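K.L.:
Dropping the sequence and predicted coords here.
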Protein chains: 2
Amino acid sequence: MTQPSDKALVPFVSVDNMMRLIHHAGIEQMLRDLADYVEEDFKRWELFDKTPRVASHSDVGVIELMPTSDGEAYGFKYVNGHPKNTSEGLQTVTAFGLLADVYTGYPVLLTEMTMLTALRTAATSAMAAKYLAPKGATTMAMIGNGAQSEFQTLAMKAIIGLKSVRLYDKDAAATRKCARNLQGLGIEVVSCKTPEEAIEGAQILTTCTADKQYATILTDNMVGSGVHINAIGGDCPGKTELAAGILSRSDVFVEYPPQTRIEGEIQQMPEDFAVTELWEVISGKKPGRTGDRQITLFDSVGFAIEDFSALRYIRDRIKGTDYFIDLDMLADPDDPRDLFGMLQRAKA
Amino acid sequence: MTQPSDKALVPFVSVDNMMRLIHHAGIEQMLRDLADYVEEDFKRWELFDKTPRVASHSDVGVIELMPTSDGEAYGFKYVNGHPKNTSEGLQTVTAFGLLADVYTGYPVLLTEMTMLTALRTAATSAMAAKYLAPKGATTMAMIGNGAQSEFQTLAMKAIIGLKSVRLYDKDAAATRKCARNLQGLGIEVVSCKTPEEAIEGAQILTTCTADKQYATILTDNMVGSGVHINAIGGDCPGKTELAAGILSRSDVFVEYPPQTRIEGEIQQMPEDFAVTELWEVISGKKPGRTGDRQITLFDSVGFAIEDFSALRYIRDRIKGTDYFIDLDMLADPDDPRDLFGMLQRAKA
């Protein structure tokens, strides 16, 4: 039978190929490049079609589609959230993504996004820290040592020059895992027994815990002036990590207020609680850090545009490489009206 | 490196494998089986999560995600619509779909859906005709001889025993293509020069033209009593095929009123124009055809539940066959908290 035309073939990046690509590019270089793509898209934020997520809820979890478009490319991520999965040996979150050409409607990339989301989340945090953290910050407390912790640490090293990370998790095994994984990667690792110990001397406090409940990982009196808080873990209704008092003393920066007010730390605050949109800082419309004693807080929940940036990066990055295979995903009859003829000819 | 677990692998049906499967199953048998799956889902219609489509519009086309769920499985279809594509040698519509397990959030099937949509659309039309067309209908006028015409004809043959099809298209080349494709498939084919000639003696009138404008393929005086109209082509705002007078004289059956009132033939009618939901007929809550002189009209626009039925069918049908390949699409670390460790181990 005739081969499908090039446009009918969709490049697919498997988990295995994504990991090969990361090692080929070098993870720190890839985090820097991803941060550049995210930063570029934050600079042209207003141009994006910002559709809310489309969620399908069940008793045990949620499946979401997160679409967006810049008018030239269209992307969406499929992502599930099933906290009970871990106890059954499955991932809480799995994800894949697709990029398409707006002009033709043809998909141009299908990729795993579990690994890629971990990278883009870390790259976004570090990109935000570049604007919000105290200049010359070298030490980060990493509270919550789960799947995201090593990526956060390496992104801060690659993008803002972090020298030392202080780990804490209520599960000591998680801290051991994180410390082991970070060994030999050129960053000082200090394992701590309490959150108080972890934040000692740290200019950046990153919280990334998995509790799905109103938790207080950082209490008000733990947070001194001048720090930058990078709050990653509070990312759904009912899940927060910070005492409300910290929010009141901080200048809070968010991705997309309508989403963050529902999912972020600020869900604890009144609806008119003042926040600054991060894109306004990145594009120079609003100031980021303005003083040495200011507490800055990036209340991050993850937004479709960051996935879009990551999809764009992968599309560009795999060109000319063998880190993908072509999927015959779109029917492509010679005569568009002759789908049936194509089917009949395939029989021969 | 360790192989991903079974659940991290997603079965993928390419266009090539879909065509192999159709030939292996036999297209008429597959249309009957698909109609059974669609009918089964129409019977439990109320149970479905009926999210509206999520559309991203541009000057030249639209990209849509059509999600739905029955509480056990979740499915969505990606579909674009770009009328200008044909002039550039590309398809107006391409599609793929995904089915996932609601309990785990893990995808269980990724498949091409350009070919599959053609089949499910035809199977749905014939399933509706089983309830709405005059008993013993043997002749269909097929007005519009594009990509859907052969599938419509074969589905009516397979499901309600159609014996003869009368083809008409304003482009005679399309009629020749359709007649040629249907040769030797056990149905009488009559090529006609006018729509009036095509509807002579036909008990079923199928309209499936591609004009994106208010067109009048059937005028009021062409439609006599007792026929069933299967209106496929009017499926987006501004695109209709039937004179309003026909709608006034018909009992109109639709998939999902909120969508059909925007996209279907009834967009020409007042908002309170009476319609019957097809699922109510299928599940015995409302009558279908009630008399010999009644004009029944299935104002079909295509709904997510039909795609869901088709995805369920493919999931069940490919088990134990080689009509799919497994895609390594979901990252699956042994310890869910150790995504980074999985990445590091892949380096070795």
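P.N.:
It's in.

K.L.:
Okay, and the most centrally placed residue in chain A sits in which element?
P.N.:
With distances taken as CA atoms, centre = their mean, the residue of chain A nearest its centroid is A:T121 (2.3 Å). Assigned by DSSP states H and E, A:T121 belongs to helix A:114-132.

K.L.:
re earlier: quick one: the residue nearest to the centre of chain A from chain B, how far?
P.N.:
To chain B, A:T121 is 11 Å away according to CB to the nearest CB, to the nearest Å. Just so you know, the C-beta spots here come from the backbone N, C-alpha and C atoms, and that holds for glycine as well.

K.L.:
Please give me every residue in contact with that residue.
P.N.:
By CB atoms under 8 Å, 6 or more residues apart in numbering or on different chains, A:T121 lies in contact with A:148, A:151-152, A:232, A:300, A:302, A:306.

K.L.:
and if we set it to 10 Å?
P.N.:
Shown in contact with A:T121 (CB atoms under 10 Å, 6 or more residues apart in numbering or on different chains): A:34, A:38, A:148, A:151-152, A:155, A:208, A:232, A:235, A:300, A:302, A:306-307, A:310.

K.L.:
For A:N221, see how far away A:D292 is.
P.N.:
Distance of A:D292 to A:N221, given as CB to CB, to the nearest Å: 20 Å.

K.L.:
do A:N230 as well
P.N.:
Per CB to CB, A:N230 is found 20 Å from A:N221.

K.L.:
So these two - more neighbours on which side?
P.N.:
Remark: of A:N230 and A:N221, A:N230 carries more neighbours, 27 against 10, as counted by other CB atoms under 10 Å in any protein chain shown.

K.L.:
Is there a neighbour count for A:K319? I'd like the number.
P.N.:
9.

K.L.:
so it touches A:L21, yeah?
P.N.:
No. Contact criterion CB atoms under 10 Å: A:K319 and A:L21 do not qualify, at 11.9 Å.

K.L.:
so which helix or strand takes in the residue of the stretch 151-300 of chain A found nearest chain B?
P.N.:
As assessed by CB to the nearest CB, chain B sits closest to A:N181 within the stretch 151-300 of chain A, at 4.9 Å. Using DSSP H and E, A:N181 sits within helix A:172-182.

K.L.:
Quick one: residues in contact with that helix.
P.N.:
Identification of contacts with helix A:172-182 by CB under 10 Å, 6+ apart yields A:142, A:144-150, A:152-154, A:157, A:165, A:167-169, A:171, A:188-193, A:198, A:209-210, B:335, B:337-341, B:343-344.

K.L.:
Mark which of those are buried, thanks.
P.N.:
Buried subset of the contacts of helix A:172-182 (neighbour count, 16 or more other CB atoms under 10 Å in any protein chain shown): A:142, A:144-150, A:152-154, A:157, A:165, A:167-169, A:189-192, A:198, A:209-210, B:337-341, B:343-344.

K.L.:
those strands in the stretch 1-150 of chain A, which residues are they?
P.N.:
Remark: strands assigned in the stretch 1-150 of chain A by DSSP state E, counting those that start in this stretch are A:9-13, A:54-57, A:62-69, A:73-81, A:95-101, A:107-112, A:139-143.

K.L.:
and the last one, what does it pack onto?
P.N.:
Read that as strand A:139-143. helix A:149-160, strand A:164-168, helix A:172-182, strand A:188-191, helix A:195-199, strand A:204-207, strand A:214-218, strand A:228-231 (3 or more CB pairs under 10 Å, 6 or more residues apart in numbering or on different chains; DSSP states H and E).

K.L.:
how much space between A:A141 and B:K7?
P.N.:
35 Å.

K.L.:
That should have said A:K286, apologies.
P.N.:
In this view, A:K286 and B:K7 are 45 Å apart by CB to CB.

K.L.:
Those two: who's more crowded?
P.N.:
Set A:K286 next to B:K7 and count neighbours by other CB under 10 Å: B:K7 wins out with 19 against 13.

K.L.:
who's in contact with the more buried one?
P.N.:
Neighbour list for B:K7: A:85, A:88-91, A:94, B:101, B:104, B:106-108, B:330, B:332 [criterion: CB under 10 Å, 6+ apart].

K.L.:
Between the residues you listed, which sits nearest B:I262?
P.N.:
Set against B:I262, the nearest of the contacts of B:K7 by CB to CB is B:P107 (29.9 Å).

K.L.:
Who is the closest one paired with across the strands?
P.N.:
Here B:P107 sits in beta bridges with B:A100, going by DSSP bridges.

K.L.:
Test my guess that it contacts A:E112.
P.N.:
No. If you go by CB under 10 Å, B:P107 and A:E112 don't touch, sitting 11.1 Å apart.

K.L.:
Spit out the residues that contact those two alike.
P.N.:
Residues touching both B:P107 and A:E112 by CB under 10 Å, 6+ apart: A:94, A:96, B:8, B:10, B:327, B:329-330.

K.L.:
Let me have the residues you listed in JSON lines, extended by neighbour count.
P.N.:
What follows is those, written out as JSON lines (neighbours: other CB atoms under 10 Å in any protein chain shown):
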{"residue": "A:T94", "neighbour count": "29"}
{"residue": "A:F96", "neighbour count": "26"}
{"residue": "B:A8", "neighbour count": "23"}
{"residue": "B:V10", "neighbour count": "23"}
{"residue": "B:L327", "neighbour count": "21"}
{"residue": "B:M329", "neighbour count": "27"}
{"residue": "B:L330", "neighbour count": "27"}
